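Novice: can you look at this prediction? I've put the sequence above it.
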Amino acid sequence: MDGTGDDVNENKELFEKQPVWKAVISLAVPTVISQLITVAYNMADTFFIGQVGDPNQVAAVSLCMPLFVLLTGMANLFGIGGSSLISRSLGEKNGERAQKVSSFCIWTAGIVSLIYGVSAFGLKGYILPAVGANGETYEFCSQYVFWAIGIGAVPTVLNGVFAHLVRAQGYSGQASFGMALGGVLNMVLDPIFISLLGFEVVGAAIATMASNLIAAIYFLVFICGKGKTAVITLNPCGYTWKMGIPLEVLLVGLPSCMMNLMGVCSNITLNRLMVSYCNEAVAGMGIA
């Protein structure tokens, strides 16, 4: 039997025969580690931009962060909702439905994030002032949005969706590695693009976009490498709105997405209040 067959047997053993506590630890610990790395990754842009010595650029990154965090909400909507339904389908021995769920989540997430990225940059003249950008930060915000959201929306969202769906099939370690890969790459690329090449805030955005793109490519290679043994499929032929898939994905994923959205609204409100004092105050809140 080849390696993929061994993986299937190992995951079946984990889900069906291992004690619950051992299965939970096996799946949870890599996730916790990846989240800790993600925390450091979120600090990276602010830290390295801070070395430039321009509070307006730090403030710009802080003002754009809620728009970027919305991408995490989209990833949670389709990733958490889809992974839950995939796990339940696998528990029912319904592999065909699990594949259709993965196809629905991946392609819908890709389309929605593409629309969001194009809209965010195309409507920046309305959106950026609404989140608190002023004459001193508008251009920096515009540059960051173009690279991190306009171009980076699709790979950022798919990176998160892939991680959730891959974990749902039992590959917790690989999912966590993919998430950690993006974080580590961002911390490596930030000083290169920001300081070494002198791109400053543009460099931070390019580093974020590039790290998420590479992580998404890692997941694509991993999924394709599993071949027919993988429940996760990129085949658009499996895409469907039937079998109650959209509703069940939304029912589970929407609460997480809404919690994320409420945090975004709170952050935007705080930034708008702080910018009435000065951009240095916004920069300080962003660092905090």
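Specialist: Thanks, I have it.
Novice: strands along the stretch 151-288 of the chain, start to end?
Specialist: Here the stretch 151-288 of the chain has no strands by DSSP state E, counting those that start in this stretch.
Novice: from Leu77, how far off is Ser113?
Specialist: 10 Å (CB to CB, to the nearest Å). Every residue, glycine included, has its C-beta placed from N, CA and C.
Novice: neighbour count winner among the two?
Specialist: Leu77 (28 against 25; other CB atoms under 10 Å).
Novice: in terms of contact, does the more buried one touch Leu251 like I think?
Specialist: No. Using CB atoms under 8 Å, Leu77 is not in contact with Leu251, being 10.9 Å away.
Novice: residue contacts, Ala163?
Specialist: 34, 79, 175-176, 178-179, 219 (CB atoms under 8 Å, 6 or more residues apart in numbering).
Novice: tell me the one of those nearest Asn94?
Specialist: Closest approach between the contacts of Ala163 and Asn94, by CB to CB: Gly79, at 19.9 Å.
Novice: the closest residue to that closest one other than its chain neighbours: how many residues sit nearby?
Specialist: Nearest residue to Gly79 in three dimensions, chain neighbours excluded: His164, at 3.1 Å (CB to CB, 6 or more residues apart in numbering). Residues lying near His164 (other CB under 10 Å) number 22.
Novice: now Trp241
Specialist: 10.
Novice: same thing with Asn235?
Specialist: Around Asn235 there are 12 residues (other CB under 10 Å).
Novice: repeat for Met179
Specialist: Applying other CB under 10 Å, I find that Met179 has 28 neighbouring residues.
Novice: shouldn't it be in contact with Ala215?
Specialist: Yes. With contact defined as CB under 8 Å, Met179 and Ala215 form a contacting pair (7.1 Å).
Novice: shared neighbours of those two, which are they?
Specialist: Asn159.
Novice: which residues does Asn279 contact?
Specialist: Each residue near Asn279 by CB under 8 Å, 6+ apart is listed here: 55-56, 59, 134, 136-137.
Novice: turn those into CSV, including pLDDT, neighbour count and secondary structure.
Specialist: Shown next, in CSV, are those (pLDDT from 0 to 100; neighbours: other CB atoms under 10 Å; DSSP: H, G, I helix; E, B strand; the rest coil):
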residue, pLDDT, neighbour count, secondary structure
Pro55, 95, 21, helix
Asn56, 96, 20, helix
Ala59, 96, 30, helix
Asn134, 96, 17, coil
Glu136, 96, 16, coil
Thr137, 97, 27, coil
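Novice: looking at those residues, which is nearest Gly117?
Specialist: Looking across the contacts of Asn279 and measuring by CB to CB, the closest to Gly117 is Thr137, at 20.6 Å.
Novice: one step back: just the contacts of Ala163: which are in helices?
Specialist: 34, 79, 175-176, 178-179, 219 (DSSP state H).
Novice: could you check the pLDDT of Thr4?
Specialist: Thr4 is assigned 42 on the pLDDT scale.
Novice: give the other helices and strands that the helix or strand hosting Glu96 contacts.
Specialist: Element membership for Glu96, per DSSP states H and E: helix 95-122. If contacts are counted by 3 or more CB pairs under 8 Å, 6 or more residues apart in numbering; DSSP states H and E, helix 95-122 sits against helix 55-91, helix 153-168, helix 245-275.
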